[in-house]
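*Asks:* pasting the sequence and the predicted coordinates here, then a few questions.
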Amino acid sequence: MKKTHLYILSIAVALSLSFASCTKLDITPPNEILSSVALDSVSDFQNLLNSAYSSTANAIGGNDLIFNELLSDNLDLPLNNNDFNEIYNHNTLFFNGTIGSFYNSPYEAVFRANYLMEHANDKGILSTAVKNRMVAECKFLRAVAHYEIVKLFAQPYGYTTDNSHLGIVIKKTSTPTPLARSTVKEVYDFIIADLKDAINGLPVSNGNYATVSAAKALLAKVYFGMSGYPTNFALAAQYADEVITGGGFTLSDTGNVFSTAGGTEVIFKIASLNSSDNHANGFTSNYRCDAGKTPQLRVSTDIYNLATSDASDKRANYYQMFNKGQANQYIGYTKFNADFFNVAYLHLTDMKLIRAEALAESGGSIATAVQDVNDIIKRAYGAGSSKLLPLSSAASDVIASARYERRLEMVGEGDRVFQLKRIGAKGELINGTQVKIRKAPWNCPGMVLQFPIAEKTSIFIMNETGGCN
């Protein structure tokens, strides 16, 4: 049947396994799509799936990881971006345009994924194998979107004993109906169910698209974040182990997984092809401190001192002091100094550190945990480093070492605030006091972002205002 309207997306976008166009793909409002004519071929379905990946790329390659990093103690006050400054100061407002713009992208991916799944059986166009693969990819992308949104806009798992505190809206269909926020428990249960379904349907190899290892890796991260529950640590260790032992990944030599190279340890990435097709634009635009560029985002003195405290640590090379001793002194982070690169969303370093800490927390193999941490230490300091853990290490020493290496390994990746909140929700103290992030309690209202004002309805409860003061 001939199409008479612009339906799903710009068909002219060239399909590749990198889903690599930076152009935002268009999709008509839900009430204008005619399902009888919108998806007439396998190519139409693939284009729609491609657009869901594109929206995911817009979120992850842009402000998602930056917002998380701004909430942490890894960065200094941004140069002059007021929207970023609100996040850094733990006091975001309803009208923060940068947050509002970001908030749409993950849900855009969810809408497209839901629409594809709702019409996967239309006209018998898709074979069973293709349909199962596409549905599994949709569930992976839907899980990614809900996971990233709930981390930013809701207090973490463990904030309340039964996790009945407000999370985010769960979007199970493409119907544009206003919904109330679900509890954090409901959101996590939904994410876990989607990822388990995805594991059952995703292929082992799928180019730059989602694979079974990607779904397992994200599931390991999800369970790892559900701290305070030993069974969850065991599950985190289990899924991380399946990726490590069965995924065919190896640690990279340099440790920088944000590159244009294929990357032997990258499990799932947002690919960039060139400077005009740069899905890492959020990083290159805000962190870059070479070629005469003044970065918007500068690292904190705290992480700089930690990273440069050992001259043998290769990761110290990612830091550069500018205008030393002057009023405008700042510290640049050189890891993202490039015209373009791939954004490594899931990688082996994270899996090894998850497995190490989760095994130590759940009474698992200390020998395996020690080996995981030592693999990271050897890469950073050399094979003869005095930091290497002995096989007789206590579980507490493994946990401490894994956390120390994690902080140095994943600067800029939005991981730090997640870890601090996880530890806080677990009930641990740091140096005998409640976990704080730049003097702000881990669970204060300002440690989550405020929803855009457009979300407010009679059934949608906004986040508490007032920041962390």
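*Replies:* Noted; the coordinates are in hand. The shown structure was predicted, so the numbers you read here are calculated from the model rather than taken from an experiment.
*Asks:* pLDDT at the residue lying closest to G247 once chain neighbours are set aside, what is it?
*Replies:* Excluding its sequence neighbours, the residue lying closest to G247 (CB to CB, 6 or more residues apart in numbering) is S213, at 4.0 Å. Yep, even glycine has a C-beta here, placed from its N, CA and C like the rest. We have a pLDDT of 98 for S213.
*Asks:* cool, the one 3 residues further on as well?
*Replies:* At K216 the predicted local distance difference test score is 98.
*Asks:* that one and A237 touch, don't they?
*Replies:* No: assessed by CB atoms under 8 Å, K216 is found out of contact with A237, at 12.0 Å.
*Asks:* quick one: the residue nearest to G247 and N104, what's the gap?
*Replies:* 29 Å (CB to CB, to the nearest Å).
*Asks:* so for those two, which sits in the more crowded spot?
*Replies:* S213 (26 against 15; other CB atoms under 10 Å).
*Asks:* show me what contacts the more buried one?
*Replies:* Listed by CB atoms under 8 Å, 6 or more residues apart in numbering, the contact set of S213 reads 204, 243, 246-247, 249, 267-268.
*Asks:* repeat that with 10 Å
*Replies:* Residues near S213 by CB atoms under 10 Å, 6 or more residues apart in numbering: 199, 202, 204-206, 239, 242-244, 246-249, 267-268, 346, 348, 351.
*Asks:* again, but for N163
*Replies:* Neighbour list for N163: 154-157, 183-189, 226, 425 [criterion: CB under 10 Å, 6+ apart].
*Asks:* apply 8 Å and report the result again.
*Replies:* So, once contact is read as CB under 8 Å, 6+ apart, N163 ends up touching 157, 183-185, 188.
*Asks:* which element is it on?
*Replies:* Using DSSP states H and E, N163 maps to neither a helix nor a strand.
*Asks:* report pLDDT for it.
*Replies:* Model confidence at N163 (pLDDT) stands at 97.
*Asks:* quick one: it from N278, how far?
*Replies:* In terms of CB to CB, N163 sits 38 Å off from N278.
*Asks:* helix, strand or coil for G427?
*Replies:* Following DSSP: H, G, I helix; E, B strand; the rest coil, G427 is assigned to coil.
*Asks:* would you confirm that it contacts T161?
*Replies:* No: using CB under 8 Å, G427 is not in contact with T161, being 10.5 Å away.
*Asks:* so which of these two has more stuff around it?
*Replies:* G427 (11 against 7).
*Asks:* do you know how far that one is from A59?
*Replies:* Distance from G427 to A59, counting by CB to CB: 31 Å.
*Asks:* what about the residue nearest to T173 when sequence neighbours are not counted, neighbour count?
*Replies:* Excluding its sequence neighbours, the residue lying closest to T173 (CB to CB, 6+ apart) is N114, at 5.5 Å. Residues lying near N114 (other CB under 10 Å) number 19.
*Asks:* same question, A120
*Replies:* By other CB under 10 Å, the residues close to A120 number 17.
*Asks:* so it sits in a strand?
*Replies:* No: under three-state DSSP, A120 falls outside any strand and is assigned coil.
*Asks:* could you report the pLDDT at the closest residue to it other than its chain neighbours?
*Replies:* Distance criterion CB to CB, 6+ apart; nearest residue to A120, sequence neighbours excluded, is K131 at 4.9 Å. pLDDT, K131: 98.
*Asks:* and for D26?
*Replies:* Confidence score, pLDDT, at D26: 39.
*Asks:* can you give me the helices for the stretch 351-469 of the chain?
*Replies:* Secondary structure of the stretch 351-469 of the chain, counting by DSSP state H, counting those that start in this stretch: helices at 366-381, 395-409, 416-425.
*Asks:* tabulate those helices (CSV), appending mean pLDDT.
*Replies:* Shown next, in CSV, are the helices of the stretch 351-469 of the chain (pLDDT from 0 to 100):
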stretch, mean pLDDT
helix 366-381, 98
helix 395-409, 98
helix 416-425, 97
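*Asks:* which of the contacts of N163 fall within helices?
*Replies:* 184-185, 188 (DSSP state H).
*Asks:* neighbours of I331, just the number please.
*Replies:* 22.
*Asks:* surely it and T301 touch.
*Replies:* Yes: using CB under 8 Å, I331 makes contact with T301 at a distance of 6.9 Å.
*Asks:* so what sits against both of the two?
*Replies:* D76.
*Asks:* and stretch 372-380, how far out from the chain's middle?
*Replies:* 23 Å (CA atoms, centre = their mean, to the nearest Å).
*Asks:* can you tell me what sits against that stretch?
*Replies:* Contacts for stretch 372-380 (CB under 8 Å, 6+ apart): 244, 251, 253, 255, 313-315, 349, 352-353, 355-356, 385, 387-389, 398, 401-402, 405, 408-409.
*Asks:* one more time with 6 Å, if that's ok
*Replies:* 255, 313-315, 352, 355-356, 385, 387-389, 401-402, 405 (CB atoms under 6 Å, 6 or more residues apart in numbering).
*Asks:* quick check: buried residues in that stretch?
*Replies:* By 16 or more other CB atoms under 10 Å, the buried positions in stretch 372-380 come out as 372-377, 379-380.
*Asks:* show me where pLDDT drops low in the protein?
*Replies:* 1-37, 262 (pLDDT under 70).
*Asks:* so how far is the longest helix belonging to it off the chain centroid?
*Replies:* Counting by DSSP H, the longest helix found in the chain is helix 128-153. Chain-centre distance of helix 128-153: 13 Å, with CA atoms, centre = their mean.
*Asks:* now do it: which elements does it pack against?
*Replies:* Counting contacts by 3 or more CB pairs under 6 Å, 6 or more residues apart in numbering; DSSP states H and E, helix 128-153 packs against helix 42-59, helix 97-118, helix 184-201.
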